[in-house]
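Novice: turn this into a model:
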Amino acid sequence: MPKNCPECGKGTARTSALHASDGLLRVLFYRAYRCRGCRFRFWQINLLKPVLLLGIVGVALFVGWWMPKEDIGLSASTSNQTYGQIAARATQGDAEAELMMGMRYADGNGVIKNEKEAARWLEKAAHHGKAEAQYRYGLALLEGRGVVQDYKAAFHWIEVPAKRGLSQAQYTLGELYRYGTGTAMDKAQAYLWFNLAAAQGVEKAAKARDSLVWQLKPDQITAMQETARTISKGQTPGATAVTAAPPSTSAPAPK
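Specialist: Coordinates of the predicted model:
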């Protein structure tokens, strides 16, 4: 606190709020004062502010330096090496690596986005029994992304992981039954798979299931609820058995 006002010389100055018109330099490095006597407003350097500012900048620089290495963590060479390792494993038939390759190409993660390549690797992983790959490959067939659209084959590849307990596949299978996509329309089966997905916490599945209640007879609902209990007891989401696709009219996946 300054003792004397530089205008009237009285020692009656008090701190004053900073104004937007004071300018950035004064806001960052000075403290404002106003004389109680003559109402003159003036500034005095505040040594604490530069110290705090340097501290904040230092923390920001440290976080910016550390976070990419810890969380993102990949220089160009490390990223290429990681991709190369995954690609090598995938080429040798590692199902997990094949799935990772498919997801990388689907998302453009570290590679140029290529839906055909994504579908090719997802198909390999699907044939090697990866439930998530089976579901993702089924979606690719359903939407015609990277492969020729094929509802029947899509239904098959989505049904396989749904039966193994993959909740998102169960919800999608319910949708396929609900609208008759790749299979005959069957509201009771749709209710069944929505019910199973809802039991695993898929909120939209619970809403879809409840919307079908009024379209089904009470005995159908009872039967599907019993079937759901039976299926849920026998599901093995982690199983890795190879499941072949049914005959399909789709063009073969690109090599």
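Novice: and whichever strand or helix holds residue 97, what does it pack onto?
Specialist: The secondary structure element spanning residue 97 is helix 95-107 (assigned by DSSP states H and E). With contacts defined as 3 or more C-beta pairs under 8 Å, 6 or more residues apart in numbering; DSSP states H and E, helix 95-107 has these neighbours: helix 76-91, helix 115-127, helix 131-143. Bear in mind the C-beta positions are built from the backbone N, C-alpha and C, glycine included.
Novice: lowest-pLDDT helix or strand in this protein?
Specialist: helix 48-67 (a mean of 64; mean pLDDT, DSSP states H and E).
Novice: pull out the buried positions in stretch 176-190.
Specialist: Using 16 or more other C-beta atoms under 10 Å as the test for burial, stretch 176-190 gives 176-178, 181-183, 187-190.
Novice: so which of these comes closest to residue 201?
Specialist: Within the buried residues of stretch 176-190, distances to residue 201 taken as C-beta to C-beta reach their minimum at residue 190, with 18.7 Å.
Novice: who's in contact with that closest one?
Specialist: Residue 190 makes contact with 174-175, 177-178, 208, 212 under the criterion C-beta atoms under 8 Å, 6 or more residues apart in numbering.
Novice: circling back: closest one to residue 163 out of the buried residues of stretch 176-190, please.
Specialist: Distances from residue 163 to the buried residues of stretch 176-190, taken as C-beta to C-beta, are shortest for residue 189 (12.2 Å).
Novice: and that closest one, what does it touch?
Specialist: With C-beta under 8 Å, 6+ apart as the criterion, the residues that contact residue 189 are 174, 177, 224.
Novice: how does it look with 10 Å?
Specialist: When the contact criterion is C-beta atoms under 10 Å, 6 or more residues apart in numbering, the partners of residue 189 are 173-174, 176-178, 183, 224, 227.
Novice: what of residue 222?
Specialist: By C-beta under 10 Å, 6+ apart, residue 222 lies in contact with residue 216.
Novice: for residue 141, same thing?
Specialist: Residue 141 makes contact with 119, 122-123, 147-158, 182, 245, 248, 250, 253, according to C-beta under 10 Å, 6+ apart.
Novice: so which of the helices and strands packed on helix 95-107 is nearest residue 169?
Specialist: For the helices and strands packed on helix 95-107, proximity to residue 169 was assessed by C-beta to C-beta; helix 131-143 is nearest, at 4.4 Å.
Novice: point out the other helices and strands that the very next helix or strand once past the closest one packs with.
Specialist: Going down the chain from helix 131-143, the next helix or strand is helix 151-163, by DSSP H and E. Helix 151-163 sits against helix 115-127, helix 131-143, helix 167-179, helix 187-199, helix 218-234, with contacts defined as 3 or more C-beta pairs under 10 Å, 6 or more residues apart in numbering; DSSP states H and E.
Novice: and residue 143, how many residues sit next to it?
Specialist: Other residues within reach of residue 143, judged by other C-beta atoms under 10 Å, total 12.
Novice: and for residue 175?
Specialist: Neighbour tally, residue 175, other C-beta under 10 Å: 17.
Novice: cool, residue 231 as well?
Specialist: As a burial measure, residue 231 scores 17 neighbours (other C-beta under 10 Å).
Novice: mind listing what it touches?
Specialist: Residues in contact with residue 231, defined by C-beta under 10 Å, 6+ apart, are 162-163, 165, 170, 192-193, 195-196.
Novice: residue 121 too?
Specialist: Here residue 121 is in contact with 87, 90, 97-106, 114, 133, 136-137, 146, 253 (C-beta under 10 Å, 6+ apart).
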